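1. Fold the following and give me the result.
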Amino acid sequence: MTAQVWEKSYPAGVHWNAEFPAAPLYSLIDTAAAKFGDKFLCDFMDRRFTYREMHGLINRAAKGFQQLGVKKGVHVGLFLPNTPHYIIAFFGILKAGGTVVNYSPLDAAKELAHKIEDSRTDFMVTIGLNAVYPQMGRMLGTTRLKKLIVGQLQEVLPFPKNLLFPLAKRKDIAAVPNDDRHMSWRKLLDNDGQYTPVPVDDPSSDVAVLQYTGGTTGVPKGAMLTHANLLAAQHQAQLWTEGEPPILQEGTEKVLAVLPLFHIYALTMIMLAGIRGGSEIILHPRFELKAVMRDIDRKKATVFPGVPTMYMAIISAPDVAAYNLSSLKYCGSGGAPLPVEIQERFESMSGCKLVEGWGMTETCAPGLLTPVIGKRKKGSAGLPAPGCIIEMVDVDDPLKLLPLGETGEICITGPNVMKGYWNKPEATAEAFAGGRLHTGDVGYMDEDGFVYLVDRKKDMIISGGFNVYPRNIEDAIYLHPVVEEVTVIGIPDDYRGQSAKAFIKLKAGTQGLGYDELKAFLADKLGKHEMPVAIEIRPALPKTIVGKLSKKELVEEEAKKHATTKAGKAAE
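-> Predicted coordinates:
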């Protein structure tokens with residue numbers, strides 16, 4: 001591999017042409033357990049698990065899964081918040097020979113059912129909480145799902161929380177049937193851990209994880225992430241902090257895990273990279289501002305990967321000065337563009353560099369990384385990650401490469417780029433036209449190798465770090481009997497980055513449609529992250545010359561409206 005234009009801007013000691021391992025993904029936990037056995041792997045609400053303890057539980061899970069029938073070709077779903085169950089089940093499934101399929105508790109029932117059928121998920125691991133279990137419980141008997149393995153929160157809590165939780169939080173605990181379609185987590189682990197090792201024939205081809213995404217077309221489909229893809233991605237993340245001097249030290253860091261592990265960003269940049277580095281992962285089931293600041297202060301967290309809304313919440317907290325944030329060494333932001341003013345305010349307040357990155361599910365998260373030490377450029381999403389090549393192609397001609405500095409669709413190749421889309425050869429061929437992954441994002445690269453995102457080729461909305469697809473929302477709204485036409489766009493949101501807004505034309509003779517009424521109608525059709533924050537009823541919606549509904553005019557209107565409001569506030 002020859003040097004690339006961006007390597008001159010890399011942090012000292014970080015090399016673009018690094019070698020990437022090709023091994024089973026579960027080798028990460030085996031190696032870490034041997035190296036860091038008595039160190040803590042995770043902390044969940046003050047219950048701390050060592051690497052050796054977690055390794056033993058993972059091996060027991062692997063045997064339990066094999067006793068259920070999990071082997072090569074069997075897909076096992078994870079429908080979990082951030083608890084130790086996730087880490088144990090993830091590696092247990094891989095060791096049993098199965099493939100992990102990640103599911104989001106935010107998904108609506110329709111999307112869950114689609115993913116179960118499309119991915120051919122036979123078994124699902126979930127947790128017995130009313131906020132999670134009922135959604136998946138309803139999938140039994142209505143989808144191909146054969147069995148639910150159900151964990152309980154109290155089994156991973158420290159004493160005396162494990163005893164008090166069932167009493168104090170009784171209303172939060174789901175009623176789980178005792179039948180053949182359910183298995184307790186305890187029963188899954190009730191064995192000696194002597195599982196049958198299953199070889200990974202080709203780490204570059206064997207799929208470890210099916211991660212659902214809208215891809216480059218906005219239609220949800222499973223990205224096939226191989227063992228080698230995911231190993232390369234966490235290796236890229238680790239390499240980026242091992243410069244001269246290194247930012248992070250092996251076996252000493254504490255990583256705050258607030259982002260959901262079922263999301264590719266957290267899976268790679270927190271769980272996999274953290275385990276490789278022997279870090280302690282401080283698990284939070286969800287983002288709660290005071291709990292996050294308290295754990296940075298009290299537990300001395302050193303690494304905090306987040307999304308812009310989290311950093312905005314911290315700098316806006318009225319009591320932020322009461323917490324000591326000086327332990328932080330490395331903070332990363334992804335999932336949505338990071339406003340420069342938020343970045344600067346957080347760095348000034350915490351004393352920690354906040355760096356932005358960019359990537360996709362299809363790249364196992366990394367794509368562009370910003371140096372922590374050395375040159376940074378305002379407004380840039382960073383430099384190509386080690387081993388990755390970023391190129392721009394003509395937006396209208398996917399095979400025409402553009403010279404440095406010209407704006408076009410961003411394309412990427414590298415060891416972390418997915419194998420393709422599950423059971424979708426045509427979508428895979430389109431995404432890899434010319435041998436490069438076409439990202440759907442438009443941008444340019446400057447003479448130093450820094451990449452700037454200009455626009456999104458597609459209409460996907462990123463709200464609080466979650467991908468939201470307008471078509472899904474539009475399809476749900478069209479089910480309402482008074483709706484004739486609807487267009488959904490992303491509007492600027494100072495907190496979430498973007499939120500969905502629906503523009504609706506009603507059928508003639510109808511009496512109107514209020515926001516609260518529509519929200520109630522959509523409650524069982526959309527996930528919370530997809531719910532529009534506003535609607536606007538119009539007598540007509542903009543259309544193209546051929547009669548297709550057009551979003552461009554609405555996006556421009558909302559951008560002007562937002563700019564005017566922001567200018568007015570600044571003048572006050």
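
2. drop to CA atoms for contacts and neighbour counts, all remaining ones
-> OK.

3. Now do the strands in the stretch 251-400 of the chain.
-> 254-257, 280-283, 303-306, 330-333, 354-358, 368-369, 383-384, 389-394, 397-401 (DSSP state E, counting those that start in this stretch).

4. tell me the most buried of those?
-> strand 383-384 (a mean of 29; mean count of other Cα atoms under 10 Å).

5. Just put the strands of the stretch 251-400 of the chain in CSV and tack on distance to E556 and mean pLDDT.
-> Converted to CSV, those look like this (distance: least, Cα to Cα, whole Å; pLDDT from 0 to 100):
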stretch, distance to E556, mean pLDDT
strand 254-257, 37, 97
strand 280-283, 40, 98
strand 303-306, 29, 95
strand 330-333, 27, 93
strand 354-358, 25, 92
strand 368-369, 28, 96
strand 383-384, 30, 97
strand 389-394, 24, 96
strand 397-401, 26, 93
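
6. So, low pLDDT: which residues of the protein?
-> Filtered on pLDDT under 70, the chain yields the residue ranges 1-3, 214-219, 455-458, 544-548, 569-572.

7. Spell out which residues make up each domain of it.
-> Recorded structural domains for the chain (assignment: automatic domain parsing) are 1-19+227-458, 24-199, 461-571.

8. could I get those domains as JSON lines with distance to P220?
-> JSON lines is the format used below for those (distance: least, Cα to Cα, whole Å):
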{"stretch": "domain 1-19+227-458", "distance to P220": "10"}
{"stretch": "domain 24-199", "distance to P220": "9"}
{"stretch": "domain 461-571", "distance to P220": "9"}
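
9. rewinding a little: got JSON lines for the strands of the stretch 251-400 of the chain, with distance to I410 too?
-> Shown next, in JSON lines, are the strands of the stretch 251-400 of the chain (distance: least, Cα to Cα, whole Å):
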{"stretch": "strand 254-257", "distance to I410": "29"}
{"stretch": "strand 280-283", "distance to I410": "33"}
{"stretch": "strand 303-306", "distance to I410": "24"}
{"stretch": "strand 330-333", "distance to I410": "20"}
{"stretch": "strand 354-358", "distance to I410": "11"}
{"stretch": "strand 368-369", "distance to I410": "11"}
{"stretch": "strand 383-384", "distance to I410": "11"}
{"stretch": "strand 389-394", "distance to I410": "5"}
{"stretch": "strand 397-401", "distance to I410": "10"}
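
10. Out of the ones you listed, the one nearest E474 is which?
-> strand 354-358 (27.4 Å; Cα to Cα).

11. who touches that closest one?
-> Strand 354-358 is contacted from outside by 330-335, 337-338, 343, 346-347, 365-372, 381-382, using Cα atoms under 8 Å, 6 or more residues apart in numbering.

12. Can you name the residues that contact the residue nearest the centre of the chain?
-> Nearest to the mean C-alpha position of the chain, by Cα atoms, centre = their mean, lies H263 at 2.6 Å. Contact analysis of H263 by Cα under 8 Å, 6+ apart lists N102, S104.

13. how about a cut-off of 7 Å?
-> Not one residue lies near H263 by Cα atoms under 7 Å, 6 or more residues apart in numbering.

14. And it, its phi and psi?
-> phi -90, psi 140 (degrees, to the nearest 10).

15. roughly how far apart are it and K71?
-> As judged by Cα to Cα, to the nearest Å, H263 and K71 stand 24 Å apart.

16. rewinding a little: out of the strands of the stretch 251-400 of the chain, nearest to M460?
-> strand 354-358 (15.2 Å).

17. and the closest one, which strands flank it?
-> strand 330-333 (parallel), strand 368-369 (antiparallel) (DSSP bridges).

18. Please state the offset of that strand from the chain centre?
-> With Cα atoms, centre = their mean, to the nearest Å as the basis, strand 354-358 stands 15 Å off its chain's centre.

19. just checking, next helix/strand downstream of the helix or strand containing G56?
-> Per DSSP states H and E: G56 is located in helix 51-68. Downstream of helix 51-68, the first helix or strand assigned by DSSP H and E is strand 75-78.

20. May I ask which helix or strand encompasses A175?
-> Assessed by DSSP H and E, A175 sits outside every helix and strand.

21. What does it show for phi and psi?
-> A175 adopts backbone torsions of phi -80, psi 110, taken as degrees, to the nearest 10.

22. I'd like to know how far it sits from P134.
-> Distance of A175 to P134, given as Cα to Cα: 9 Å.

23. hang on, the earlier thing: buried stuff in the helix holding G56?
-> Across helix 51-68, burial judged by 16 or more other Cα atoms under 10 Å covers 51-66.

24. Nearest to P11, out of these: which one, please.
-> Using Cα to Cα, Y51 is the member of the buried residues of helix 51-68 that lies nearest P11, at 30.8 Å.

25. picking up where we left off before, more neighbours: which of A175 and P134?
-> Higher neighbour count among A175 and P134: P134, with 16 against 12, using other Cα atoms under 10 Å.

26. And the residue lying closest to the more buried one once chain neighbours are set aside, its phi and psi?
-> In space, and not counting its chain neighbours, P134 is closest to A174: 7.4 Å by Cα to Cα, 6 or more residues apart in numbering. When read as degrees, to the nearest 10, the backbone of A174 gives phi -80, psi 150.

27. Contacts only, for A174.
-> A174 touches G128, L129, N130, Y133, counting by Cα under 7 Å, 6+ apart.

28. Go through the residues you listed and flag which are in strands.
-> Taking DSSP state E, every one of the contacts of A174 sits outside strands.

29. re the thing from before, among the strands of the stretch 251-400 of the chain, which is nearest E244?
-> So among the strands of the stretch 251-400 of the chain, strand 330-333 is nearest, using Cα to Cα, at 15.1 Å.

30. can you list contacts of that closest one?
-> Outside of strand 330-333, the residues within contact range by Cα under 7 Å, 6+ apart are 302-308, 352-357.

31. what do you get for stretch 226-241?
-> Outside stretch 226-241, the residues within contact range by Cα under 7 Å, 6+ apart are 14, 20-25, 203-209, 247-248, 268-269, 272-273, 364, 366, 385-386, 415-419.

32. For L368, give its distance to R286.
-> Taking Cα to Cα, one finds L368 at 26 Å from R286.

33. now A22, what's its secondary structure?
-> At A22 the chain is in coil, as set by DSSP: H, G, I helix; E, B strand; the rest coil.

34. Next, give phi and psi for the spatially closest residue to I127 that is not a sequence neighbour.
-> Spatial nearest neighbour of I127, chain neighbours left out: G151 (4.5 Å); criterion: Cα to Cα, 6+ apart. With angles defined as degrees, to the nearest 10, G151 sits at phi -90, psi 170.

35. Was I right to think G151 contacts L129?
-> No: contact criterion Cα atoms under 7 Å: G151 and L129 do not qualify, at 9.1 Å.

36. Tell me which of the two has more neighbours.
-> Using other Cα under 10 Å as the criterion, G151 and L129 rank with G151 on top: 23 against 20.

37. That one: what's it in contact with?
-> Counting by Cα under 7 Å, 6+ apart, G151 touches T126, I127, G128, S184, W185.

38. try 10 Å this time
-> Counting by Cα atoms under 10 Å, 6 or more residues apart in numbering, G151 touches 80, 83, 85, 125-129, 133, 183-188.

39. and if you look at V320?
-> For V320, the contacting residues are L289, K290, M293, R294, A313, I314, M349, S350, by Cα under 10 Å, 6+ apart.

40. related to what we said a few turns ago, off-centre distance for the helix holding G56?
-> Distance, centroid of helix 51-68 to centroid of chain: 25 Å (Cα atoms, centre = their mean).

41. what's it packed up against?
-> helix 27-36, strand 40-44, helix 84-96, helix 185-188 (3 or more Cα pairs under 10 Å, 6 or more residues apart in numbering; DSSP states H and E).

42. closest one to A500 among the ones you listed?
-> Closest among the helices and strands packed on helix 51-68, using Cα to Cα: helix 84-96, at 30.3 Å.

43. can you tell me which residues contact A291?
-> By Cα under 10 Å, 6+ apart, the residues touching A291 are H284, D297.

44. hang on, the earlier thing: among the contacts of A174, who's most crowded?
-> Counting neighbours by other Cα under 10 Å, Y133 comes out on top of the contacts of A174 with 23 neighbours.
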